[in-house]
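Engineer: fold the stuff below for me.
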Amino acid sequence: MAELNTPSIPYDMYESPQEVVIIIPLWWVKKESVEVKIENYRILVRWFRLAPQLKESCIPIQEECYRWPIELEIDIPPQVYFDKIHSKLTLDNTLQIIVPKALVPDKIQLEVEYEDKK
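Structural biologist: Numbers count the residues shown, from 1 in each chain. Just a heads-up that it's a prediction; the model follows:
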């Protein structure tokens, strides 16, 4: 993704034996403006915030709420089910990304086969 003048975006990440859950607050955002994709073991999230509907005569005195595209990159572990990663935007505009982990056993017993000469 292109380098943008993007603010530091806070997010929370939780882990259980089955999954990693990423929670990103996206205030003033509509679902249509959110894009989530996976690339090189990273989740890439891009969105933009809505501009307020004001009278044309209003001029900005201070603007700290970013309105241009915002991007966030989050590293994910390699042992996950990439095809089962999913996301949802909750009613309070929190993006939740669920990353199911691949179950890796502690050890596997393999049976040794004997090859007959024929």
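Engineer: need the helix or strand of the protein with the lowest average pLDDT.
Structural biologist: strand 70-75 (a mean of 90; mean pLDDT, DSSP states H and E).
Engineer: so where does the residue nearest in space to the middle of the chain fall, helix or strand?
Structural biologist: Geometric centre of the chain, nearest residue: residue 43, 4.7 Å, by Cα atoms, centre = their mean. For residue 43, the host element (DSSP states H and E) is strand 42-47.
Engineer: can you check residue 105 too?
Structural biologist: Here residue 105 is assigned to no helix or strand, by DSSP H and E.
Engineer: same check on residue 111?
Structural biologist: Going by DSSP H and E, residue 111 is not in any helix or strand.
Engineer: so who does it touch?
Structural biologist: Shown in contact with residue 111 (Cβ atoms under 8 Å, 6 or more residues apart in numbering): no residues. Glycine gets a C-beta too; all of them are placed from N, C-alpha and C.
Engineer: now do the least confident helix or strand of the chain: which elements does it pack against?
Structural biologist: For strand 70-75, the packing partners by 3 or more Cβ pairs under 8 Å, 6 or more residues apart in numbering; DSSP states H and E come out as strand 42-47.
Engineer: the strand it packs on - what's its average pLDDT?
Structural biologist: For strand 42-47, mean pLDDT is 92.
Engineer: got the angle between it and strand 70-75?
Structural biologist: 160 degrees (axes from the mean of the first three to the mean of the last three Cα atoms, to 10 degrees).
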